[in-house]
Each structure stands twice: as C-alpha cells, then as structure tokens.
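>>> Got a sequence here, can you model it:
(chains A and B)
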Number of protein chains: 2
Amino acid sequence: MIIIGERINGMFTDIKNAISNEDPAAVQEWAKKQKEGGARYLDINVGPGSANPKEAMKFLIEATQEVSDLPLCLDSTNYDVIEEGLKVCKNPAMINSVPAEPDKMDRVFSLAKEFDAEVIGLAKNQEGIPKDAESRMALAMELVATADAYGISADMLYIDPLVLPCNVAQDHGPEVFETLRQIKLVSDPPPKTVVGLSNISQGGIKNRELVNRTFAVMAMANGLDAAIADADDEELIAAVATARIILNMDIYCDSYIDVFKQQ
Amino acid sequence: MIIIGERINGMFTDIKNAISNEDPAAVQEWAKKQKEGGARYLDINVGPGSANPKEAMKFLIEATQEVSDLPLCLDSTNYDVIEEGLKVCKNPAMINSVPAEPDKMDRVFSLAKEFDAEVIGLAKNQEGIPKDAESRMALAMELVATADAYGISADMLYIDPLVLPCNVAQDHGPEVFETLRQIKLVSDPPPKTVVGLSNISQGGIKNRELVNRTFAVMAMANGLDAAIADADDEELIAAVATARIILNMDIYCDSYIDVFKQQ
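Here you go, the predicted structure:
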C-alpha cells in the first residue's frame, strides 16, 4: 500500500492561511515533511469556502512542485477546479474523485484521457453509498466499464469502496474488505483500490490513530493498494511498513521502516 | 479472534522454578493476570527438560484451576503428558497439538474423543512445513477428514497453518493468509483456525511487538479465530479489540478495549 499524503488541504488552518496570504511556506513544509514521512503522492485540496478555488488550486500545486517531484492527487468535487489544476501539473496526476454517475464520469474520464491522469472512482451514485459488497461491486464495475469506453485502462483507476465511521456503520467494515477483494477479480489488469483512511474513525471515536492503523493493515491484508492518510502519523507508517514486510512486498531488513519512508 | 494466553510455560524461569519448588504462586499470578489481560484460554506447557513432565503438567493444571475457570490448552509433544493432564482438567480442554501424521492423529483424536477435548491440528507432517497454501490445505483436509473418522466435528478442530519468522520465510506470509481463508471452505461447520503468534517475529526481528500485532490483525482480516499469544502485551490486546470492532464482531462503545478484556 502506498500513502497519499492528506495534509495539503485548506480545511487545515495553516494551509487556508497560506492560500489567503499567497505564502507557500506552510505548503512546502508539508510537501517535504509528508515525503519524508513516507507519502508517494500528495493530495491537494483547496478546502471549503475558498473565494477563488481555481486560483487556490494552482497556487497549491505550484508551491508544491517547487519543492517536490511527487505526483499530485487533485482533490475537488468541482471539475473546473480539477481541470485548472491539471493544466499546471508537471507530472501525470490523479483526479480525486468521481462517483458512478454518468455526467460526472463523462467529465472526469474526458479530463483523465486528455491529461493522462489516474482517477479515483467512488463506489457511490445519486442514491448514496450502498451497504453490501455486491452493490458496491456493481458501482465499481460501472466505473471500470465506463473508463474503458473512454480508453482508460482499469489500472489507471483507483476504486474507493468508501469507508464509513465504525461507530455509526459498523456493519460496513466486512463489506468494504470483501469489496476490496472482489475488485481484483473484475478485469485484467485489475483496477487499483484506495480508501480515505480517517473516515473509519470520524465522529468522536476513541483511539482514532489506533483505529486508523488497524483498519489500514487489515485492508492491506485484503489487497488495498493506496490510502489517503496522515503521512505524519509515525505509528501508522510503521504499521504499513510492517504489513508490507508480512505481505512480502518489501524485503525484510532491520531498518525496514526507514527504508519504506525513503523508497 | 480469541487469545490463548501463552505465559504458563516452563521455558520461562518463574514457571520453571514454580514447578521445581512446587510453589503455585507464579502460576496463579499469571493465570489471573492473563485473564485480566483478555485471554480466554490458558496454554499450559511444562517446558523443556522437566524431570517428571507428567507430574509437572498435573501441578500446573491444578495450580491454575485453583484460581481460574478458563479452559486450558495442554501443550506438549508427549501425548502421555497430555493424557495425564486431561485426567485432571475440570473443564473440557484443548490439546496442543497434532501434526497430520497417522500414528499421532490416532493417539490424539482418540484422547480428544475420550475427554471431549478440542484439538489444534498443525499443517505439517513428517516432511515438514510446506510453503504454498495448496499444500498446507492438503494437510488441513487430512486433519479434518481423520478427525471426522474419529467422530470429532470439524468445529472442535483448530487448524494452525504454521507461521514462520518473516525474516527467514517472508514468502510464507501471504500463503498463511490464503490458507486461513481456504480452511473456512472445507466443511460445514468449518474448522477453526489458530496461530502461534510470536512465531512471526522469532529470530532477532526488530520491532517484535509491532510485527506480532500487525500480523494478528491482518490474520483476523482473513478470518483467524484464535492465537496463542502474550495477553500481557497491552498494545496487542488493544489492536485485537480494535480489529474485532472493525470486523463488527463486538459492538462499538468508547470503552471497547476494556469491554474486550472483561468479556
């Protein structure tokens, strides 16, 4: 599993202020810190309530690219903002995200094709997030089939089965794991999988970090490829590095946690 | 997953001394401490080099039973020692363990039938521990079929796929997970599954506790039912309790870790 660092997001005060003041310092600090923590992509999100989200997106991307070569994951529900961002990305990016809704898939897959971008596809549609794995899979198949129609290979897609907080939707947990496994069977090459890790522990759950890292390695045991997560959470990174050793994805050495961060 | 507390074992000096001096204090302290930590069975092992292992086994069992009602897991490769132990167990016990070898299965399953005991069956035979899941499964099937011939239901069997240290046999990890999943498909009711948790981190691996608890919850995500483990490792117990919440096995409440310990 790879980490998509979540921290360059305008919902955090330091990033919000960086945008307002056009001061790249905090953005660049987090770009470097997340890479050192083990992130392999950086999520870029202007946050809520931005007066000019297109300009904010460009600012965050350009600030980040001055100090980092990591690929970026452009995170917005406003596809005009995504498009502006894609125009200034130096490297192929990831679009975060699109639900299994025809008009949105049309827009996002067209952009993905034009900019050679990967896409996070969400297992939900106008009716919301289904509970059982079968219904999540139906939406995943719709995303894969539609992407294919736009000439986008399944391995450019990251399917997010959508994780809900374990105190309000506890019965979703096993369904998410089952979905992660089934997704690997739908095509060759199969789609990749991703989750927004902190969703499992939102809404006042105790031991948030413990819940996050436990869920992360359990999902890895079911084939999870990526997580949008806190690359500054050292215990999470240690757990993920350990799970990669156990899954025989990286070769064991005594300093395997440091090696994972530096890869 | 339930914890079978590993600590009443003559390989530890305090238990070895307890046996030599016929002093039950250390044994009884660990019996109580492991239950408080979250153990649901207590493993009983006289350890290596005991002058009179049958008497030692009886001593450990009787000392434990004076302070604990938990079921016991009698741990020896000497089946005469197991038999002596079964005679003094107040409650149905678990026999730990038998490999898929005809003469040993004959002896152990006969004892299990006589004493209404559960049995840990090991996925190995005279030729050793196989690497791939298919070969482990062939041995698991042999254990299930032989138990059945002795009138022992599959759900009285705990199959141990056998875990090896992840620094010397890294490629076994994914095979063990695959075996855990496949075991659930061989019969209805299916056999249960168990691992000796600390085996994953033997032989000088760094971060032993981290490796143990990461492996534990990943195995739980593949259906693991039980682990012989250190019930005094609070971070392991917290991780296991958290994985049970994520798997919807226990209902979330803010004090779920304490609730797990007290169940």
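
>>> can you give me the helices in the stretch 101-250 of chain A?
With DSSP state H, counting those that start in this stretch as the criterion, the stretch 101-250 of chain A has helices at A:102-115, A:133-149, A:172-183, A:208-220, A:234-246.

>>> If I look at residue A:43, what pLDDT would I see?
Residue A:43 carries a pLDDT value of 98.

>>> for it, what are its contacts?
A:4-9, A:72-73, A:75, A:96, A:228 (Cβ atoms under 8 Å, 6 or more residues apart in numbering or on different chains). Every C-beta, even on glycine, is put in place using the N, C-alpha and C of the backbone.

>>> repeat for residue A:70
By Cβ under 8 Å, 6+ apart, residue A:70 lies in contact with A:31, A:35, A:39-42.

>>> Please produce JSON lines containing these, extended by secondary structure.
Below are these laid out as JSON lines (DSSP: H, G, I helix; E, B strand; the rest coil):
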{"residue": "A:31", "secondary structure": "helix"}
{"residue": "A:35", "secondary structure": "helix"}
{"residue": "A:39", "secondary structure": "strand"}
{"residue": "A:40", "secondary structure": "strand"}
{"residue": "A:41", "secondary structure": "strand"}
{"residue": "A:42", "secondary structure": "strand"}
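
>>> biggest separation within those residues, which pair?
Of all pairs drawn from the contacts of residue A:70, the greatest distance, 12.7 Å, lies between A:31 and A:40 (Cβ to Cβ).

>>> These two: which is more packed in?
Counting neighbours by other Cβ atoms under 10 Å in any protein chain shown for residue A:31 and for residue A:40 shows that residue A:31 has the greater number, 27 against 16.

>>> Now do the same for the one residue sitting closest to the centre of chain A: its pLDDT.
Centroid-nearest residue in chain A, with Cα atoms, centre = their mean: residue A:228, separated by 3.9 Å. Looking at residue A:228, its pLDDT is 98.

>>> got the residues of the stretch 51-200 of chain A near chain B?
A:166-167, A:170-171, A:173-174, A:177, A:200 (Cβ under 8 Å from any Cβ of the partner chain).

>>> Buried subset of those residues as a ChimeraX selection?
The ChimeraX selection below is limited to those of these classed as buried (16 or more other Cβ atoms under 10 Å in any protein chain shown):
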select /A:166,167,170,173,174,177,200
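
>>> Quick check: the two most widely separated of the residues of the stretch 51-200 of chain A next to chain B?
A:167 and A:177 (17.8 Å).

>>> Listing request: residues of the stretch 1-150 of chain A with sub-threshold pLDDT.
Along the stretch 1-150 of chain A, no part satisfies pLDDT under 70.

>>> how about residue A:165, what does it touch?
So, once contact is read as Cβ under 8 Å, 6+ apart, residue A:165 ends up touching A:199-203, A:205.

>>> Over to residue A:205?
The neighbours of residue A:205, taking Cβ under 8 Å, 6+ apart as the test, are A:165-167, A:211, B:252.

>>> what ranges do the strands span in the stretch 1-150 of chain A?
Remark: strands assigned in the stretch 1-150 of chain A by DSSP state E, counting those that start in this stretch are A:2-9, A:39-45, A:72-75, A:94-99, A:118-122.

>>> Residues touching the third one, excluding its own?
Meaning strand A:72-75. Here strand A:72-75 makes contact (Cβ under 8 Å, 6+ apart) with A:4, A:9, A:41-45, A:57, A:61, A:64-65, A:81-82, A:85-86, A:89, A:91, A:93-97, A:120, A:228.

>>> Show the buried residues in those.
For these, buried by 16+ other Cβ under 10 Å: A:4, A:9, A:41-45, A:57, A:61, A:64-65, A:81-82, A:85-86, A:89, A:93-97, A:120, A:228.

>>> since we're on residue A:159, how many residues are nearby?
Per other Cβ under 10 Å, the neighbour tally for residue A:159 reads 32.

>>> Who does it form a beta bridge with?
Applying DSSP bridges to residue A:159 yields these beta-bridge partners: residue A:121, residue A:193.

>>> Residue A:184 and residue A:35: what is the separation?
28 Å (Cβ to Cβ, to the nearest Å).

>>> Need the contacts of residue A:70 in JSON lines (columns: distance to residue A:263).
Listed next are those as JSON lines, based on distance: Cβ to Cβ, whole Å:
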{"residue": "A:31", "distance to residue A:263": "17"}
{"residue": "A:35", "distance to residue A:263": "11"}
{"residue": "A:39", "distance to residue A:263": "11"}
{"residue": "A:40", "distance to residue A:263": "8"}
{"residue": "A:41", "distance to residue A:263": "13"}
{"residue": "A:42", "distance to residue A:263": "15"}
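
>>> Which of those residues sits closest to residue A:153?
residue A:41 (18.4 Å).

>>> Tell me the spacing between that closest one and chain B.
23 Å (Cβ to the nearest Cβ, to the nearest Å).

>>> hang on, isn't that residue packed against residue A:71?
Yes. Residue A:41 lies in contact with residue A:71 (Cβ atoms under 8 Å); the separation is 5.1 Å.

>>> Next, show the common contact partners of the two.
Common neighbours of residue A:41 and residue A:71 (criterion: Cβ under 8 Å, 6+ apart): residue A:94.

>>> With distance to residue B:144 as extra columns, can I get the strands of the stretch 1-150 of chain A in a markdown table?
Formatted as a markdown table, the strands of the stretch 1-150 of chain A follow (distance: least, Cβ to Cβ, whole Å):
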| stretch | distance to residue B:144 |
| --- | --- |
| strand A:2-9 | 39 |
| strand A:39-45 | 43 |
| strand A:72-75 | 47 |
| strand A:94-99 | 45 |
| strand A:118-122 | 41 |
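
>>> tell me the secondary structure for residue A:254?
Going by three-state DSSP: residue A:254 is coil.

>>> right, and it touches residue B:208 too?
No. Counting by Cβ under 8 Å, residue A:254 stays clear of residue B:208, with 11.8 Å between them.

>>> Show me what residue A:227 bridges to in the sheet.
Per DSSP bridges, the residues bridged to residue A:227 are residue A:3, residue A:195.

>>> And for it, the neighbour number?
26.

>>> So it is in contact with residue A:1, correct?
Yes. Applying Cβ under 8 Å, one finds residue A:227 in contact with residue A:1, separated by 6.1 Å.

>>> Touching both of the two, which residues are there?
Common neighbours of residue A:227 and residue A:1, counting by Cβ under 8 Å, 6+ apart, are A:216, A:219.

>>> Quick check: residue A:84 vs residue A:44, distance?
On the measure of Cβ to Cβ, residue A:84 and residue A:44 end up 12 Å apart.

>>> what touches both of the two?
By Cβ under 8 Å, 6+ apart, residue A:84 and residue A:44 have these common neighbours: residue A:57.

>>> quick one, what contacts residue A:92?
Residues in contact with residue A:92 (Cβ under 8 Å, 6+ apart) are A:71, A:115-118.

>>> let's go with 6 Å and repeat that
Going by Cβ atoms under 6 Å, 6 or more residues apart in numbering or on different chains, residue A:92 touches A:116-117.

>>> ok, now how distant is residue A:42 from chain B?
Per Cβ to the nearest Cβ, residue A:42 is found 26 Å from chain B.

>>> again with residue A:72
Counting by Cβ to the nearest Cβ, the gap from residue A:72 to chain B is 30 Å.

>>> Mind listing the residues bridging to that residue?
With DSSP bridges applied, residue A:72 shows beta-bridge pairing to residue A:42.

>>> what's the burial count for it?
Considering only other Cβ under 10 Å, residue A:72 is surrounded by 28 other residues.
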